[in-house]
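Participant: let's see this in three dimensions:
(one chain, ligands or ions: 1)
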Amino acid sequence: MTSSGQPTPQLRVQTVLASSTLSLLAHLDPSDPQLWMREGHGIAGIGTAVRLEFSGASRFHDAADAWRRLVANAVIDNQVNTLGTGLIAFGAFTFADHSAQTSVLRVPRTIIGFVDGTSWVTRIRLASETDFDPLPTATAYGPEFRVNLRTGSMTPDGFKAAVADATSRIDRGDLSKVVLARDVVAKLPAGADLRRPLCDLARGYPSCWTFAVDGFFGASPETLIRSLDGTANARVLAGTMPRGRDGQSDEVTSIALATSRKNLEEHEFAVRSVQEALTPYVTDVVASEMPFTLKLPNLWHLATDIEATLTSAATSLDLVAALHPTAAIAGTPTPDAVALIAELEPFDRGRYAGAVGWLDASGDGQWAVALRCAQIDSNNVVTAYAGGGIVSGSDPQTEYEETNIKLQPIIDALG
Ligand SMILES: C=C(O[C@@H]1C=C(C(=O)O)C=C[C@H]1O)C(=O)O
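Facilitator: The predicted structure is shown next:
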């Protein structure tokens, strides 16, 4: 049975090589794009064969179980057998256990893929249907649109007060780190072609994971977990500074970040939380001793790449369940940080700072920490979020400015 108590659908899946390279973005549904893309490579989903909803503390485990059942019931003819082929579900999961928003797994009816020079098409139908959908045609983009994102439920002053409150609790010894965020909102014009902001994000932030799942979209630089053929890797980010105005000040900033005690401490919490969560599932964990500085168009991050060999049959979604929430987006210790977030943030994070990505029939997949992102609701209201790690000595004004820089990708894509 699925989470909604329905019998598990029986799927028929076929992946074939495409005769020519197909544009991922141009084939998407303008009102409901499903995308996972980096450096021009990735997968694009069209239509919905199955949509499963999950909620509550067991949402990841319920989804992982539902996926195992769906795969067991599917007949898959995969003539390509490379990363991203065969039966795939896109997923987006909420940050909080008690979010009013749902977590989803969505299996498209058609998936177009392009990775390392190989283009393919996967078609998916219910066993009760006789034919797969015809290949969707590429369509011209709808008109450009522009919206102004305004303060949501967390005002700039409210955010700064929350940061000051958090630092005093950290200094009192209640916890070591908490990640606080704020929200901005806008109304999208009716019929807005959502491929336009995705195109801007993919062009502006090519090294990030540009994603779209179930009205939730963004461009995240942070890899929560990727698993492929028995290996797993993650990219932990924590510690941020704005880019410099010129080459010299940019270099000074990057050195300042790499040597900042506050940022290194904040980063260490995040790396440790990922390593500890992975320990039961992996061996041969390799991580650089010192973080490196990762340059994005809008900011510098402190980054650590972690690689490991998987020792269990865990799917990538099981690993997501073990890792979420990392200290990069919650804090340390996790339960105290999650409780303080619920107390100080006057909004439901929804899928922001949750997990977004995809998995295949073998359980391998790619998942990002859902950052630099926005959710569109059924009234066409879009809400974007950004936050930062608060530790002892964090300055409310600097933290506020950091949220502005982190909102920039979404502001540029919608503005
Ligand atoms: C919380 C966010 O980003 C996280 C927090 C960071 C920080 O505090 O320096 C850096 C990268 C992310 O792990 C966000 O983008 O909203």
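Participant: all contacts plus neighbour counts: C-alpha atoms, from now on.
Facilitator: Fine.
Participant: does the residue lying farthest from the centre of the chain sit in a helix, a strand or a coil?
Facilitator: Computed with C-alpha atoms, centre = their mean, the residue of the chain farthest from its C-alpha average is residue 130, at 35.0 Å. Using DSSP: H, G, I helix; E, B strand; the rest coil, the structure places residue 130 in coil.
Participant: for it, give its distance to the ligand.
Facilitator: Noted for residue 130: a distance of 45 Å to the ligand, by C-alpha to the nearest ligand atom, to the nearest Å.
Participant: residue 177 and residue 170 touch, don't they?
Facilitator: Yes. Between residue 177 and residue 170 there is a contact under C-alpha atoms under 8 Å: 7.0 Å.
Participant: those two: who's more crowded?
Facilitator: residue 177 (28 against 18; other C-alpha atoms under 10 Å).
Participant: hmm, back to that, who touches both of residue 177 and residue 170?
Facilitator: Here residue 177 and residue 170 share the contacting residues 391, 392, scored by C-alpha atoms under 8 Å, 6 or more residues apart in numbering.
Participant: I'd say residue 338 and residue 327 touch.
Facilitator: No. Residue 338 lies out of contact with residue 327 (C-alpha under 8 Å); the separation is 9.9 Å.
Participant: tell me which of these two has more neighbours.
Facilitator: residue 327 (29 against 22).
Participant: look at that one and report its pLDDT.
Facilitator: For residue 327, the pLDDT comes out at 96.
Participant: contact partners for it?
Facilitator: The contact partners of residue 327, taken as C-alpha under 8 Å, 6+ apart, are 177, 178, 179, 269, 270, 271, 273, 274, 333, 334.
Participant: out of the residues you listed, which sit inside helices?
Facilitator: Members of the contacts of residue 327 lying in helices (criterion: DSSP state H): 269, 270, 271, 273, 274, 334.
Participant: just flag the most distant two among the residues you listed.
Facilitator: Greatest spatial distance in the ones in helices among the contacts of residue 327: 271 and 334, 13.4 Å, computed using C-alpha to C-alpha.
Participant: what are the ranges of the helices in the stretch 51-200 of the chain?
Facilitator: Using DSSP state H, counting those that start in this stretch, the helices of the stretch 51-200 of the chain run over 59-72, 156-172, 195-204.
Participant: and the residue nearest the centre of the chain, what is it in contact with?
Facilitator: Residue closest to the mean C-alpha point of the chain, counted by C-alpha atoms, centre = their mean, is residue 370 at 2.8 Å. Counting by C-alpha under 8 Å, 6+ apart, residue 370 makes contact with 218, 220, 222, 351, 352, 353, 354, 355, 356.
Participant: same deal with residue 116?
Facilitator: Counted by C-alpha under 8 Å, 6+ apart, residue 116 has contacts residue 41.
Participant: hang on, the earlier thing: by neighbours, which of the contacts of residue 370 wins?
Facilitator: For these, the largest number of neighbours (other C-alpha under 10 Å) sits with residue 356, at 33 neighbours.
Participant: pop out the phi and psi values for it.
Facilitator: Here is the backbone geometry of residue 356 (degrees, to the nearest 10): phi -140, psi 140.
Participant: could you measure from it over to the ligand?
Facilitator: Counting by C-alpha to the nearest ligand atom, the gap from residue 356 to the ligand is 14 Å.
Participant: please apply the same query to residue 208.
Facilitator: Distance of residue 208 to the ligand, given as C-alpha to the nearest ligand atom: 12 Å.
Participant: cool, and residue 354?
Facilitator: Distance, residue 354 to the ligand, by C-alpha to the nearest ligand atom: 10 Å.
Participant: show me what contacts that residue?
Facilitator: 92, 93, 94, 95, 96, 324, 325, 369, 370.
Participant: for it, which non-adjacent residue is closest in space?
Facilitator: Leaving out its chain neighbours, the residue that sits closest to residue 354 by C-alpha to C-alpha, 6 or more residues apart in numbering is residue 95, at 4.0 Å.
Participant: neighbour-wise, which of the ones in helices among the contacts of residue 327 leads?
Facilitator: residue 270 (26 neighbours).
Participant: next, the distance between the ends of stretch 185-198.
Facilitator: Stretch 185-198 has an end-to-end distance of 18 Å (criterion: C-alpha to C-alpha, to the nearest Å).
Participant: so for it, what's the average pLDDT?
Facilitator: Stretch 185-198 comes out with an average pLDDT of 97.
Participant: in that stretch, what counts as buried?
Facilitator: By neighbour count on 16 or more other C-alpha atoms under 10 Å, the buried set for stretch 185-198 is 185, 186, 187, 188, 192, 193, 194, 195, 196, 197, 198.
Participant: same question for stretch 267-286.
Facilitator: So stretch 267-286, judged by 16+ other C-alpha under 10 Å, has buried residues 267, 268, 269, 270, 271, 273, 274, 275, 277, 278, 281, 282.
Participant: spit out the contact partners of the third one.
Facilitator: Meaning residue 269. With contact taken as C-alpha under 8 Å, 6+ apart, residue 269 is in contact with 327, 328, 331, 332.
Participant: looking at the ones in helices among the contacts of residue 327, which is nearest residue 287?
Facilitator: For the ones in helices among the contacts of residue 327, the closest approach to residue 287 (C-alpha to C-alpha) belongs to residue 271, at 9.1 Å.
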